[in-house]
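> Fold the following.
(one chain, ligands or ions: 1)
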Amino acid sequence: MKIGVLSTNRELYSTRRLVEAGEERGHKMRVINHKRCYMNITSHNPGVHYKGDSIDGLDAIIPRIGASVSFYGTAVVRQFEMMGVYSVNESVAITRSRDKLRALQLLSRKGIGMPVTGFANSPDDTNDLLKFVGGAPVVVKLLEGTQGVGVVLAETHKAAESVIEAFRGLKAEFMVQEFIKEAGGSDIRAFVVGDKVVASMKRTGKEGEFRSNLHRGGSAKVIKITPEERSTAVRSARVMGLNVAGVDMLRSNHGPVVMEVNSSPGLEGIENATGKDVAALIIEFIEKNSKFGKTRTRGKG
Ligand code: ADP
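Predicted structure coming up:
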């Protein structure tokens, strides 16, 4: 098969591993920088152009779209879908999971456990909003944040009010969440491919840090997850419509709660922690499932 990896940098671990795994399995792999693609959307014959040439003949794409280029990146994925190219994660699913609030709303509709979460627009709602999530301590999160940036633990009511006031002053969208203290600064990343969790790790924040993000100095180790955590992860990916997803959960007193479903989950942390060849499992999934024109939305979303 001819498989395109949409990535802004071919040197990134995840990009390199996908190319390597694809070549090992006999495919022709091509890295395409989606930021440098341009598209023809006026004709009846949609196309994607890159460095002066049109990109033809791809059987499948693997989007690795960073949060900062979601808008343009998903437009390029959509264009490939319109051309009938199979995308392992579709543009609509990527967009859904990128909006933290929308994602949580969709998950709650399907009864998936999550931290009690509040969202409001007007400054006079602050007190009620805090009461609603059970009062301080609370976690205040910027909707646009990634890698733990803009995730604040407010230990007292006063601190929570100040943080909320500051975010409002900056016109930033945020949500307020019950603090899952019993998670003890650790979370679980379950890596889903198709309808299976293929690898999972426990991430723990460095001393004195409640955020477990690896980019913030957290460490990861392999973990055996419970059947309930497994089914929560698989269902969450399915609700988002993602075939490949990193589902982040906390272990709460009332079972697993989902914080986020990531549509371009990194491979480095999970492969190193578990020793599994996750890249090969993604390629294998594409081999089994990719078909010309097999997109649920054909770029209509
Ligand atoms: P990002 O998408 O920026 O990584 P997250 O929502 O995943 O933001 O939060 C970053 C980290 O903060 C999580 O991995 C987790 O360790 C911690 N965290 C987030 N929300 C909560 C919460 N409600 N209770 C306890 N810890 C949390």
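> Any idea how many residues pack against Arg216?
15 (other CB atoms under 10 Å). Heads up, the C-betas are built off the backbone N, CA and C, glycines and all.
> any idea of the pLDDT on it?
Note on Arg216: pLDDT of 83.
> Residues of the stretch 101-250 of the chain that sit close to the ligand?
115, 139, 141, 145-148, 151, 177-180, 183, 187, 210-213, 248, 250 (CB under 6 Å from any ligand atom).
> Among those residues, which ones are in strands?
Per DSSP state E, strands hold the following members of those: 139, 141, 151, 177-178, 187, 248, 250.
> Quick one, which of the residues of the stretch 101-250 of the chain next to the ligand are buried?
By neighbour count, with 16 or more other CB atoms under 10 Å, these hold 115, 139, 141, 146, 148, 151, 177-180, 183, 187, 210-213, 248, 250 as buried.
> How confident was the prediction at Gly145?
For Gly145, the predicted pLDDT is 73.
> Not counting residues beside it along the chain, what's closest to it?
Nearest residue to Gly145, sequence neighbours excluded (CB to CB, 6 or more residues apart in numbering): Val151, at 6.1 Å.
> Just confirm the one you found contacts Arg211, I think it does.
Yes. Counting by CB atoms under 8 Å, Arg211 is a contact partner of Val151 at 5.8 Å.
> one step back: what's across from the residue nearest to Gly145 in the sheet?
According to DSSP bridges, the partner residues bridging Val151 are Lys141.
> Start the count at 156 instead of 1 going forward.
Sure thing, new numbering starts at 156, so read that last one as Val306.
> Which strand residues bridge the residue positioned nearest the centre of the chain?
Closest to where the C-alpha atoms of the chain average out (CA atoms, centre = their mean) is Asn417, at 1.2 Å. Counting by DSSP bridges, Asn417 is bridged to Gly401.
> For it, list the residues it contacts.
Applying CB atoms under 8 Å, 6 or more residues apart in numbering, we find Asn417 in contact with 252, 400-403.
> go again using 7 Å as the cut-off
252, 400-401, 403 (CB atoms under 7 Å, 6 or more residues apart in numbering).
> Mind putting these into TSV with distance to Gly181 and pLDDT?
As requested, the contacts of Asn417 are exported to TSV (distance: CB to CB, whole Å; pLDDT from 0 to 100):
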residue	distance to Gly181	pLDDT
Ser252	31	93
Ala400	26	98
Gly401	27	98
Asp403	34	97
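> and which of the residues you listed is nearest to Thr429?
Nearest to Thr429 among the contacts of Asn417 is Gly401, at 12.7 Å by CB to CB.
> got the buried residues for stretch 192-211?
192, 194, 201-203, 205, 210.
> same question, stretch 173-192
Neighbour-count burial for stretch 173-192 [16+ other CB under 10 Å]: 173-174, 176-177, 180, 182, 184-187, 189, 192.
> Just put those residues in CSV and tack on distance to the ligand, pLDDT and secondary structure.
Shown next, in CSV, are those (distance: CB to the nearest ligand atom, whole Å; pLDDT from 0 to 100; DSSP: H, G, I helix; E, B strand; the rest coil):
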residue, distance to the ligand, pLDDT, secondary structure
Leu173, 22, 98, helix
Val174, 26, 98, helix
Ala176, 26, 98, helix
Gly177, 28, 98, helix
Arg180, 32, 98, coil
His182, 32, 98, coil
Met184, 29, 98, strand
Arg185, 30, 97, strand
Val186, 25, 97, strand
Ile187, 26, 96, strand
His189, 21, 93, helix
Cys192, 26, 93, strand
